Each structure stands twice: as C-alpha cells, then as structure tokens.
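K.L.:
Quick one, what's the 3D model for this:
(one chain, ligands or ions: 1)
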Amino acid sequence: MEKTARKIQMVDLKTQYEKIKTEVDTAISNVINNTAFINGPEVKAFQADLEKYLSVKHVIPCANGTDALQIAMMALDLKPGDEVITANFTYVATAEVIALLKLTPVLVECNPDTFTIDPAAIEKAITPKTKAIVSVHLYGQCADMDKIMDIAKKHNLYVIEDVAQAIGAEYTSADGKTHKGGTIGTVGCTSFFPSKNLGCYGDGGALYTNDDKLAARIRMIANHGQSVQYIHDDIGVNSRLDSLQAAVLRIKLKQLDSYATARNNAAAYYDKAFANNPKIKTPARAKNSTHVFHQYTLVLNGVDRNKLREHLATKDIPAMIYYPLPLHHQKAYHNPLFKDENFPITIHLCKNVISLPMHTELDESTLKYITDSVLEFVN
Ligand SMILES: *Cc1c(COP(=O)(O)O)cnc(C)c1O
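P.N.:
Down below sits the predicted model:
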C-alpha cells in the first residue's frame with residue numbers, strides 16, 4: 001500500500017487554507033489596516049451573512065461555543081435549582097455551563113443509531129423543576145426536533161439547540177418545512193472553533209434566535225449586561241467575536257455548503273468500504289435531517305479498539321474517540337442519581353465508537369488507504 005504524501009490528519013486545515021489563501025490574507029490585512037479589531041464592520045457583515053444563510057432573524061456573535069450556551073441560559077433567566085435535560089453522550093461543554101450556573105444537569109440516553117438525544121428519554125426525565133432541554137446535534141445531524149419541540153410545548157420548556165457540530169445541517173419537519181439546525185428551538189448555539197465545520201482561526205461562537213426580545217437580551221448579556229453604555233441592568237459577561245475571526249468566517253461561510261458536500265462524499269466512500277461488515281457499524285442517517293459529518297464515527301462490534309488505533313497509528317492514520325466516557329462517569333458530573341443501568345446505550349457507545357479522519361480535503365487515494373488499513377486489521 002502506498003502512503004500518501006501529506007500526513008493524514010483528523011482535520012486538514014492547512015490544505016483548506018491554501019485554497020482560499022489570497023482572499024483570507026487580504027481580508028486579514030484589511031482588518032489590521034482599519035484597526036477595527038472589536039465590533040468592527042466585519043463582525044456586523046458576518047452577522048448579516050449568517051442570518052441570511054440560516055434564514056434566522058438574529059445572529060449574535062460571541063467568543064466561543066461554550067459562552068454561547070452559557071449566555072443562552074442566562075438570557076432565559078434560568079435560576080439555580082432549575083433542571084436542564086441534556087444528553088449524557090456529548091462534549092462536556094453542554095453540561096459544564098449548566099452546572100456552572102448552578103442549574104441541575106439531568107443527563108439522558110441517546111439513540112443508538114443516530115447518536116443524538118432520545119426524545120422518549122427526555123420525556124421520562126421531566127419533573128416540575130424542568131425548565132429547558134439542550135438538544136445536541138451530535139456529529140453533524142439534527143436531533144429529532146419535531147418530537148423534542150412537541151415535548152417542549154406540552155411541558156412549557158425552552159429548547160436550546162447545541163449546533164456546534166452541525167452548522168448547515170437542515171431539518172425537515174412533519175409539515176414539510178425545512179429549517180437550518182439551530183433555528184428551530186428557542187435559541188441555537190454554535191462554535192467556530194477551528195476544527196468545527198465553519199471554523200475560524202482562533203475561537204468564536206454565536207447564538208441564533210427568531211425572538212426579538214430574547215435577541216436583545218442575549219446581546220445585552222454578552223456585553224456586560226449593558227443596553228446603554230455604562231448602564232448595567234443585569235449581570236452579564238464579556239463575550240465577543242474578533243473582527244479578524246469574522247473576516248475569516250465570512251470567506252469560509254461562502255464555502256460551507258461545498259465543504260459539506262466534500263464531507264458527505266468522504267462519508268459515502270467510508271460507508272461503501274465498510275458496508276455489510278459485521279464488525280463495523282457505519283453511521284445511520286437521521287430520517288429528517290441532512291448530515292454535515294462533523295465526525296464520521298463507527299461503532300465497532302467485537303474489535304479491540306485500542307489495538308485498531310495502534311494499528312492505524314503505525315500507518316500514520318489518526319483516529320479519535322469521541323467520547324471515551326459518559327458524562328456521569330466524569331468526576332465533575334458524578335451524581336448517584338445517574339445509574340449505569342439507565343445508560344446502556346451511552347456506555348456501549350463510549351466503549352465502541354471510533355472516529356476516522358473527516359474533513360474537506362480527503363481525496364480518494366487517502367480514503368482508500370484509510371479504509372484498506374482499517375479492514376486489514378478488522379478482517
Ligand atoms: C465544540 C463544542 C462546544 C463548545 O464550543 P467551543 O467553541 O469550543 O467553546 C459545545 N458543544 C459541542 C457539542 C461542541 O462540539
């Protein structure tokens with residue numbers, strides 16, 4: 001087997017940059033020349049571009065995805081002791097901000113095929129203290145939003161969509177209408193961390209909402225709780241998107257749909273290579289959502305995952321485990337109320353998932369090299 005020239009990475013930002021280098025370098029040097037580093041025209045222009053792309057009334061940029069989640073919960077006036085239901089199988093940020101605000105994270109199971117939060121498990125976890133649901137659109141496709149919105153309406157709950165991994169994914173509701181993930185619930189929260197599907201060259205994030213009043217409150221909270229300069233009606237935070245990052249994001253937003261196509265093409269190659277292999281379960285597509293493949297994640301069946309990773313490493317192929325532990329096994333989120341017997345799916349996934357390189361620059365020879373190397377070990 002031939003090894004490809006450039007080292008294989010989980011995410012190849014360098015090759016991607018080389019294709020937009022002239023435009024990016026010019027935009028960055030323009031920001032520096034204008035010295036409008038904070039809240040400059042690039043930030044406002046990016047906000048408008050993203051509102052248009054998402055067909056949402058308000059985009060409020062902020063410093064990162066974790067801040068976006070925190071600001072959303074502050075803006076919704078969630079109070080200590082309020083319960084917030086979210087997935088046990090997710091990145092820590094989701095539960096972290098809940099706990100940080102002294103709200104109570106209530107962790108629930110996910111769907112074993114799509115990996116997203118299970119609506120039936122949400123409904124079972126509702127108590128009189130429940131105030132909000134955080135639906136995580138894990139790995140790049142939307143959770144079952146029709147069901148989640150029905151549950152939220154029935155019990156009068158807010159829905160915060162954590163769309164950090166799924167920007168651009170589109171959800172089709174039962175009424176046939178399509179919406180971009182993050183614009184369906186009360187508020188959407190996303191991240192522009194470099195390796196995310198729309199990544200900047202540092203940290204960045206945003207909130208989206210169609211609610212005018214909530215948007216104004218989010219803006220105020222992200223800006224030290226002030227609506228008029230030096231008048232602070234609320235305790236806020238300082239969370240801004242840099243003008244430099246906004247300039248990069250404007251350029252990459254124009255590519256986002258073609259980036260999603262490239263990711264889907266890579267996913268289709270992987271799917272085909274691993275089809276009908278009893279030891280490898282390829283990722284299922286949710287019924288009502290497109291997939292933007294932030295991650296391409298397999299579930300192994302009777303394969304020694306560590307040894308597979310070691311085998312791939314000897315061939316210079318990286319592979320990652322998202323996520324190795326359920327949140328309730330993390331010391332910080334341990335709670336005797338969360339029992340292993342209630343999380344068989346999450347625990348199984350944490351032990352058996354493996355994510356392969358997934359980005360916009362994977363060519364066929366690289367994909368062949370990766371899939372051949374996986375199959376060589378598995379078969
Ligand atoms: C990346 C991520 C976040 C946090 O975003 P940051 O910009 O790194 O703070 C939150 N939730 C999920 C699901 C993520 O993948």
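
K.L.:
Leaving out the residues flanking it, which one is nearest to whatever residue of the chain ends up closest to the ligand?
P.N.:
As assessed by Cβ to the nearest ligand atom, the ligand sits closest to G65 within the chain, at 2.5 Å. Glycine gets a C-beta too; all of them are placed from N, C-alpha and C. Nearest non-adjacent residue to G65, counting by Cβ to Cβ, 6 or more residues apart in numbering: S191, 2.6 Å away.

K.L.:
Likewise for L253?
P.N.:
D49 (5.6 Å).

K.L.:
So that neighbour is in contact with R250, correct?
P.N.:
Yes: with contact defined as Cβ atoms under 8 Å, D49 reaches R250; the gap is 5.7 Å.

K.L.:
and V108, how many neighbours does it have?
P.N.:
Look at V108: counted by other Cβ atoms under 10 Å, it has 23 neighbours.

K.L.:
just to revisit the earlier point, show residues contacting the helix or strand where the residue nearest to L253 lies.
P.N.:
When elements are assigned from DSSP states H and E, D49 belongs to helix 41-54. Residues from elsewhere that reach helix 41-54 (Cβ atoms under 8 Å, 6 or more residues apart in numbering): 27, 31, 34, 36, 57-61, 180, 182-183, 206, 208, 240-244, 246-247, 249-250, 253, 256.

K.L.:
so what's S289 bridging to?
P.N.:
Beta-bridge pairing for S289 (DSSP bridges): Y171.

K.L.:
near the ligand, which residues of the stretch 251-379 of the chain show up?
P.N.:
Residues of the stretch 251-379 of the chain found near the ligand (Cβ under 6 Å from any ligand atom): none.

K.L.:
related to what we said a few turns ago, would you mind telling me which of D49 and R250 has more residues around it?
P.N.:
A side-by-side neighbour count of D49 and R250, using other Cβ under 10 Å, places R250 first with 20 against 16.

K.L.:
before we move on, back to that, so what's in contact with D49 and R250 at the same time?
P.N.:
With Cβ under 8 Å, 6+ apart, D49 and R250 have no common neighbours.

K.L.:
Please work out the average pLDDT along stretch 228-237.
P.N.:
Confidence over stretch 228-237 (mean pLDDT, whole number) is 91.

K.L.:
For G302, identify the helix or strand it belongs to.
P.N.:
Of the helices and strands defined by DSSP H and E, none includes G302.

K.L.:
Dihedrals phi and psi, it?
P.N.:
Phi and psi for G302, reported as degrees, to the nearest 10, are phi 70, psi 30.

K.L.:
And the helices in this protein, which stretches?
P.N.:
Here the chain has its helices, by DSSP state H, at 13-34, 41-54, 65-75, 93-100, 119-125, 145-155, 212-222, 243-274, 305-314, 344-352, 364-378.

K.L.:
And the single longest strand found in the chain, what does it pack against?
P.N.:
Longest strand in the chain by number of residues, with DSSP state E as the criterion: strand 130-136. Other elements packing on strand 130-136 under the criterion 3 or more Cβ pairs under 8 Å, 6 or more residues apart in numbering; DSSP states H and E are strand 83-87, helix 93-100, helix 145-155, strand 158-162.

K.L.:
Apply 7 Å and report the result again.
P.N.:
strand 83-87, helix 145-155, strand 158-162 (3 or more Cβ pairs under 7 Å, 6 or more residues apart in numbering; DSSP states H and E).

K.L.:
N156 versus the residue of the chain closest to the ligand, what's the distance?
P.N.:
Distance, G65 to N156, using Cβ to Cβ, to the nearest Å: 27 Å.

K.L.:
Same drill for those two, tell me which one is more crowded.
P.N.:
Comparing G65 with N156 by other Cβ under 10 Å, the one with more neighbours is G65, at 27 against 8.
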